[in-house]
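[1] Sharing a sequence plus its predicted fold:
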Number of protein chains: 2
Amino acid sequence: MPVRPSGAPARRSRKPGAGAAAGEQPLSLERIVATAVELLDSHGADSLSMRRLADRLGAGAMSLYWHVDNKEQVFDLALDAVLAYAPPTPAGPRDWRADAVLMLEDWRAAMLRHPWSAALLPRRALGPSMLGRLELLSQTLSRAGVADADLNVAIWSVWNYVMGATITRGSFDRSADDLAAAQQQLAELSGRYPTIDRSRLLLDSDWDGAFRKGLDLLLDGLTPGR
Amino acid sequence: MPVRPSGAPARRSRKPGAGAAAGEQPLSLERIVATAVELLDSHGADSLSMRRLADRLGAGAMSLYWHVDNKEQVFDLALDAVLAYAPPTPAGPRDWRADAVLMLEDWRAAMLRHPWSAALLPRRALGPSMLGRLELLSQTLSRAGVADADLNVAIWSVWNYVMGATITRGSFDRSADDLAAAQQQLAELSGRYPTIDRSRLLLDSDWDGAFRKGLDLLLDGLTPGR
DNA sequence: CCAGTTCTCGTACACTGTACGATTGAGACG
DNA sequence: CGTCTCAATCGTACAGTGTACGAGAACTGG
C-alpha cells in the first residue's frame, strides 16, 4: 500500500517550458475527487472508469493508484465531497426547528443535484460529511429538548425519513416521457392496481410538499412540548 | 430482440438416456431468477455474473440471453421476486392499522433477509411486487379515512420512511467488529463529533424499536381521527 | 422426409479494475 | 560534481466482465 502524502502538500515545479503539454496541474487527491464528481455529474455512475478519469486528468490510469487505494474509495470520496455542509453562520441563538429543516432540506437538495449519489448511498462508509451532518442533527434535537435516552431513536427516525424520501425521489426523477409511459402501463393493468392508478401516484405527486409534511409530522412527534 | 416464451410453458423432453449429464432441468425464467437469488444471497451482489449464473444452472452463458434481455433485468427480476407479498387471508374486516404495520414490517424483514436488495433498490424499475405493495398501502390508508386529496402525500411519507429505515439498517448490518471499529474511530475524533460519540449512535441503537416508533408517529399524524 | 420455430452455446470483442515493475525527477548529502 | 533516496508517474499484462453474432441442435407440424 502506498504511503499517503498526508499533510505536507506535494510540491513540484514541473518547468512549463520543458514538455509540450504545458499547463498541466499535478495530480492530487482533491483534483481526482473533483474530476470524479464532474464525470459522475455529466454522465452517470456507469461512466466512471479509472481510465476515463485518468484521461480527463491528463494522466495515466495507474497514476491514480498512488493517491487512492481503490475505485471504491473514489466513490466514497466523491460522495462525501458532494455531501459537505457548512451550517450557515451560527450567529446567535436560533430556532432549532428552522435549523433542522434547513439542514435536512439542504441534504436532500444536495443529493438531488447529483443524481448518482442516491444510488451510491447504501453500503458506503460514512465519511466526515455524513458524520458531521449526523452530529449536527443530534445537537439540534438535543437542543430541542429530546431526552438523551430517546435521542438515538429520534435521530434515526428523522434520518431514515430523509434518506428514503431522497432516494425515492431520485429514482422517480426520470424523464417525463418515461413517467408517463409507466403510468400508462399502469392504467392498462388498472384491474390489478386500481387505487394507485386512480390517484395518479406516479404523476401527480407533490414531492416537495410530501417531504415537508412528513418531516413536520416526525419533528412534532419526536419533540416534547408544544 | 428474442421473443419471450410468454404464457406457454417451455416443454422439452430431453431424453435422459442420451447425454451423460442426466437430470438437467430445462432453462426457464423462473429457474434463472431463483438461481440468481440464491447466488446473491450466498455471495453478495458482486458475485452475480452471467457466466457464474449460467454455470450454476448447468448452461452456457449465452443461453441466458434467450430468456432475458440484460443483466440489469436479472437484477430487476431478482429484486421483485424477493419482494413478493401475499396479504395474509383477507378474511373479514380487520384493523387497518394492524394490516398496515404488518405489511410494512414484512417489507422491511424481506429486504433485510436479502441484504443485497437494499443496495439495488434505488434506480430500479418498480415491478409487480412493489406496485402491489404500494397498492395495498394505498387501499389501507384510504380505508383508514385519508382523503383522496391527501392520499399521495400520505403514501409517499410512509413509503419513504420505510425505505429509508430499511436501507440505513441494511448498511449498518455489518459485523460487530466493523461497527465497534467505526465507533472506536469515532471516539478518537470525539472532538469533532461529541454528541454522536456520547450517545453511542452506531452501537446502541435499537433499530427495531426506532422503526416502530417513527412508523407509529407517521401513521398517527397522517390519519384523521383519534 | 422437409421446413420452421424455439432454444442453446462457442467464439470474439471491447472494456473493466488493478498487480507489478520500470522509469522519472527532485531534493539531500558528500 | 556524483550518488542515494524517495515521491510520483505510467506502460504492460492479466483475469474477468457483458454481450453481439451466428452456427447449430432439438423439436414441431406438415
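    All right, it came through fine.

[2] Now the phi/psi pair for the residue of chain A found nearest DNA strand D, please.
    Relative to DNA strand D, the nearest point of chain A is A:G60 (2.6 Å; C-beta to the nearest atom of the strand). Backbone N, C-alpha and C define where each C-beta goes, glycine included. Per-residue torsions, A:G60: phi -80, psi 150 (degrees, to the nearest 10).

[3] What separation is there between the closest residue to it other than its chain neighbours and chain B?
    In space, A:G60 comes closest to A:A54 once its chain neighbours are excluded; the distance is 6.0 Å by C-beta to C-beta, 6 or more residues apart in numbering or on different chains. Look at A:A54 and chain B: by C-beta to the nearest C-beta, to the nearest Å, they are 23 Å apart.

[4] Identify the residues contacting A:A54.
    A:60-64 (C-beta atoms under 8 Å, 6 or more residues apart in numbering or on different chains).

[5] List only those of those flagged as buried.
    A:L64 (16 or more other C-beta atoms under 10 Å in any protein chain shown).

[6] Now, the contacts of A:A54 that are in helices?
    Per DSSP state H, helices hold the following members of the contacts of A:A54: A:L64.

[7] Looking at the contacts of A:A54, which is nearest B:I155?
    The closest of the contacts of A:A54 to B:I155 turns out to be A:L64 (C-beta to C-beta; 44.3 Å).

[8] Contact partners for the closest one?
    Applying C-beta under 8 Å, 6+ apart, the residues near A:L64 are A:27, A:32, A:50, A:53-54, A:57, A:74.

[9] and if you look at A:A45?
    Applying C-beta under 8 Å, 6+ apart, the residues near A:A45 are A:116, A:119-120.

[10] any idea of the pLDDT on it?
    Here the pLDDT value assigned to A:A45 is 95.

[11] Next: A:M1.
    So A:M1 comes in at 42 (pLDDT).

[12] And A:R56, by the same measure?
    For A:R56, pLDDT reads 96.

[13] what about it, distance to chain B?
    24 Å.

[14] Then A:S63?
    26 Å.

[15] Report the separation between the closest residue to that residue other than its chain neighbours and A:G191.
    Once flanking residues are discounted, A:S63 sits nearest to A:L27: 5.9 Å by C-beta to C-beta, 6+ apart. According to C-beta to C-beta, to the nearest Å, A:L27 stands 59 Å off from A:G191.

[16] Between these two, tell me which one has more neighbours.
    Each of A:L27 and A:G191 has its neighbours counted (other C-beta atoms under 10 Å in any protein chain shown); A:L27 has more, 20 against 7.

[17] tell me which element the more buried one is part of?
    Assigned by DSSP states H and E, A:L27 falls within no helix or strand.

[18] Likewise for the one 5 residues further on?
    Element membership for A:I32 (DSSP H and E) is helix A:29-43.

[19] just how off-centre is that helix within its chain?
    14 Å (C-alpha atoms, centre = their mean, to the nearest Å).

[20] could you measure A:A180 against DNA strand C, distance?
    32 Å (C-beta to the nearest atom of the strand, to the nearest Å).

[21] List the contacts of the nearest residue to that residue once chain neighbours are set aside.
    Counting by C-beta to C-beta, 6+ apart, A:L203 is the residue found nearest to A:A180 once chain neighbours are left out, at 7.1 Å. Counting by C-beta under 8 Å, 6+ apart, A:L203 touches A:179-180, A:183.

[22] List only buried entries from those.
    A:Q183.

[23] Now intersect the contacts of A:L203 with the strands, please.
    Members of these lying in strands (criterion: DSSP state E): none.

[24] Could you save the contacts of A:L203 as a markdown table and add columns showing distance to B:D80?
    Below are the contacts of A:L203 laid out as a markdown table (distance: C-beta to C-beta, whole Å):
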| residue | distance to B:D80 |
| --- | --- |
| A:L179 | 19 |
| A:A180 | 22 |
| A:Q183 | 19 |
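
[25] So for the longest helix belonging to chain A, what gets flagged as buried?
    Criterion DSSP H: the longest helix present in chain A is helix A:148-171. For helix A:148-171, the neighbour count (16+ other C-beta under 10 Å) marks A:150-171 as buried.
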